[in-house]
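Participant: Quick check, what structure comes out for this input:
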Amino acid sequence: MQIVRPVTVGFYGALALVLGGLAVLVGLRTGAGLWPGFGVALGVLAVGSRKPLRRWRLARRPFPEAWRRWLEAHVPLYRALDAVGRRRFERDVQFFLAEQRFEGVGVPVTDALRLAVAAGAALLLHGRPDWEWPARRTLLFYADRFDEDYLAGETGAFDGMAHAQGPIILSAKAVEEGWAVPNDGSNVVLHELAHVFDFADLDADGIPNLLNPASAQAWRQLIRQEMVKVRQGRSLLRHYAATSAAEFFAVAVENFFERPELLAYRHPELFAALKAFFNLDPRFSDLES
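Facilitator: Next up is the predicted model:
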């Protein structure tokens with residue numbers, strides 16, 4: 001994520017020019033002169049600069065040492081980065097924590113829980129510094145699994161759930177377990193955050209909304225081929241990946257970041273497609289910051 005996005009600068013600059021120009025015309029007709037135009041333009045630019053200024057201030061804050069130790073203990077890719085890459089990763093964590101909302105249902109929202117989700121977002125975005133997190137969301141934590149009616153208890157079947165509009169719901173227990181073993185290909189944070197990339201036109205179809213449209217058809221064909229392997233028991237991915245194209249993408253993302261060497265060996269075409277999409281090779285020997 002960037003402190004200042006060129007597209008944002010261009011948008012607010014153009015908006016200030018258009019609205020300021022209109023205000024100048026009104027001012028000239030009413031005898032107020034050029035001042036209304038200057039006032040409107042400055043107001044628009046002030047609104048557009050709020051987020052970059054907030055991020056600039058965040059980027060200047062020291063990154064807590066306790067957070068750094070957590071990342072080193074739980075995120076292998078972070079450990080492999082050089083100093084510049086680590087600082088950019090930490091900055092994305094800070095941005096995500098400041099711009100998303102975290103709530104708990106019967107469970108305290110600790111720094112460790114918040115950091116566990118922010119680390120997942122920073123991981124997904126690290127290879128694409130120009131990408132932004134797709135939407136401002138509420139992250140809702142339950143103590144353990146929950147059911148379709150969002151009731152926690154022994155009958156709960158879900159560790160996580162993402163909506164096209166609305167909160168991302170996570171089991172705090174599953175979040176902790178997902179980062180405890182970083183190479184088992186199972187991480188509810190990466191799984192649910194991957195779904196957010198998949199929401200286009202309020203529908204999850206396994207085609208991430210930031211994918212180059214020219215690659216969409218090839219990606220659909222690849223998903224169909226790989227889902228057949230899952231159903232036949234010939235895939236590294238767990239059987240849940242065969243339930244839908246959306247779940248396939250989410251499970252594939254988990255394995256791409258947690259078991260990259262094995263995924264590249266067992267499914268080279270799938271690994272290459274994810275590597276191109278995220279612009280990142282998580283295998284330590286080829287890691288670039």
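Participant: Every contact and neighbour count from this point should use C-alpha atoms.
Facilitator: OK.
Participant: What separation do you get for the residue nearest to Val93 when sequence neighbours are not counted and Gly206?
Facilitator: Closest residue in space to Val93, ignoring its immediate chain neighbours: Ala118 at 5.1 Å, by C-alpha to C-alpha, 6 or more residues apart in numbering. Applying C-alpha to C-alpha, to the nearest Å, the value for Ala118 to Gly206 is 23 Å.
Participant: returning to what we had before: in what helix or strand does the residue nearest to Val93 lie?
Facilitator: helix 111-125 (DSSP states H and E).
Participant: how about that helix: buried residues?
Facilitator: 113-125 (16 or more other C-alpha atoms under 10 Å).
Participant: So which elements touch that helix?
Facilitator: In terms of contacts (3 or more C-alpha pairs under 8 Å, 6 or more residues apart in numbering; DSSP states H and E), helix 111-125 is packed against helix 65-74, helix 83-99, helix 172-180, helix 188-198.
Participant: Kindly recompute the last result at 7 Å.
Facilitator: The contact analysis (3 or more C-alpha pairs under 7 Å, 6 or more residues apart in numbering; DSSP states H and E) places helix 111-125 against helix 83-99, helix 188-198.
Participant: Buried deepest among these, which one?
Facilitator: Most buried of the helices and strands packed on helix 111-125 by mean neighbour count (mean count of other C-alpha atoms under 10 Å) is helix 188-198; its value is a mean of 25.
Participant: quick one: average pLDDT of that one?
Facilitator: Here helix 188-198 scores 91 as its mean pLDDT.
Participant: In CSV, please show the C-alpha coordinates belonging to that helix.
Facilitator: Taking Å, rounded to 0.1, in the frame of the first residue of the first chain, the C-alpha atoms of helix 188-198 are listed here in CSV:
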residue,chain,number,x,y,z
VAL,A,188,-8.1,-19.1,8.2
VAL,A,189,-6.9,-15.5,7.9
LEU,A,190,-5.3,-16.0,4.5
HIS,A,191,-8.4,-18.0,3.4
GLU,A,192,-11.0,-15.4,4.3
LEU,A,193,-8.9,-12.5,3.1
ALA,A,194,-8.4,-14.2,-0.2
HIS,A,195,-12.2,-14.3,-0.6
VAL,A,196,-12.2,-10.5,-0.4
PHE,A,197,-10.1,-10.4,-3.5
ASP,A,198,-12.6,-12.6,-5.2
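Participant: which other residues reach it?
Facilitator: Helix 188-198 is contacted from outside by 117, 120-121, 134, 159-162, 174-175, 178, 204-209, 250-251, 253-254, using C-alpha atoms under 7 Å, 6 or more residues apart in numbering.
Participant: From the chain's centroid, how far away is it?
Facilitator: Relative to its chain's centre, helix 188-198 lies at 7 Å (C-alpha atoms, centre = their mean, to the nearest Å).
Participant: same question for the host helix or strand of Val18, mean pLDDT?
Facilitator: In this assignment (DSSP H and E), Val18 forms part of helix 6-30. Per-residue pLDDT over helix 6-30 has a mean of 66.
Participant: Now do the same for Leu151: its pLDDT.
Facilitator: pLDDT at Leu151 comes out at 66.
Participant: Now for the residue nearest the centre of the chain: which residues touch it?
Facilitator: Note on the chain: the residue nearest the mean C-alpha position is Ala121, at 3.9 Å, using C-alpha atoms, centre = their mean. Neighbouring residues of Ala121 by C-alpha under 7 Å, 6+ apart: Leu193.
Participant: State the distance from it to Glu269.
Facilitator: Taking C-alpha to C-alpha, one finds Ala121 at 24 Å from Glu269.
Participant: residue boundaries of the strands in the stretch 101-250 of the chain?
Facilitator: 101-105, 138-142, 160-162, 168-171, 199-200, 203-204 (DSSP state E, counting those that start in this stretch).
Participant: Buried deepest among those strands, which one?
Facilitator: With neighbours defined as mean count of other C-alpha under 10 Å, those peak in mean count at strand 168-171, which reaches a mean of 24.
Participant: Give me the sheet partners of it and which way each runs.
Facilitator: strand 138-142 (parallel), strand 160-162 (antiparallel) (DSSP bridges).
Participant: Nothing else from me, thank you.
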